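1. what's the 3D shape of this:
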Amino acid sequence: MRRVAIVLGASILVWLAPRPANAQAKQGDSEVLIGGNLFALIGSGSTNTTGQFQFGYGYFFTDRLEINVTPVVSVSSSQTASVNGSATSNVTGDLGLGGAVQYFFGAKASKVKPYVGGSLVVQSFKTHDQINPVTFVTTSGSISDNLYVGGNAGLKNYFTDRAALDIKASYGVNPKHAGDFQLLQVIVGITYLF
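-> This next block holds a predicted model:
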């Protein structure tokens, strides 16, 4: 077991070690992202699984500063068990939009590029009516109910001159209900410079 841990640790260090690169992002480069995440909520008698696919476009204003826009396609599957043992299944789709400004660190010749940035995410364009718990008055929902503002941090590992594995964590709060609603995402994807 110890040998496996040593081999795994050494492999991670080799993967993260700076390596010379022939091409990296330069001012004026564009980038496409194909990525996604998957999560499941499992409760007593119900399961809700959601997968999100993200297809983004980024533009490098400098060698280190990128602005990107990412449509978010969500597919959810839920299954609820009833008292008599039968199950009800439901599959739904949704669309959202994200944007980020990201600043990259590391030497120009490095294939591993950590980054930090700010993000703005509309998790869903669907709006839902809301009931005020005090007055019991129903009000129409708005897109701002699904808006999250926050930050992100990630790491790109270029495995070719133009293609990279991108791993990013993003955390945001809903400005209307900052104490009540937060959004945490971990996204894994492939980017390609052109």
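2. okay, CA-based contacts and neighbour counts for the rest of this
-> Will do.
3. mind checking how far Asp94 is from Asp180?
-> Asp94 is 22 Å from Asp180, where distance means Cα to Cα, to the nearest Å.
4. more neighbours, those two?
-> Legend: neighbour count by other Cα atoms under 10 Å for Asp94 and Asp180, higher for Asp94 (14 against 9).
5. wouldn't that one be in contact with Ser77 here?
-> No - using Cα atoms under 8 Å, Asp94 makes no contact with Ser77, being 11.7 Å away.
6. How many residues are close by Ile34?
-> 16.
7. what sits opposite it in the beta ladder?
-> Phe55, Ile190 (DSSP bridges).
8. Strands along this protein, start to end?
-> When assigned using DSSP state E, the strands of the chain occupy the ranges 30-43, 46-60, 65-81, 87-104, 112-122, 130-131, 138-139, 147-158, 163-173, 182-193.
9. Quick check: Glu66 touching Gly99?
-> No - using Cα under 8 Å as the test, Glu66 is too far from Gly99 to be in contact (10.7 Å).
10. Looking at these two, which one has more neighbours?
-> Per other Cα under 10 Å, whichever of Glu66 and Gly99 has more neighbours is Glu66, with 23 against 19.
11. so what's the closest residue to Gln185 other than its chain neighbours up against?
-> Sequence neighbours aside, Ser170 is the residue nearest to Gln185 in space, at 5.1 Å (criterion: Cα to Cα, 6 or more residues apart in numbering). By Cα atoms under 8 Å, 6 or more residues apart in numbering, the residues touching Ser170 are 119, 150-153, 183-186.
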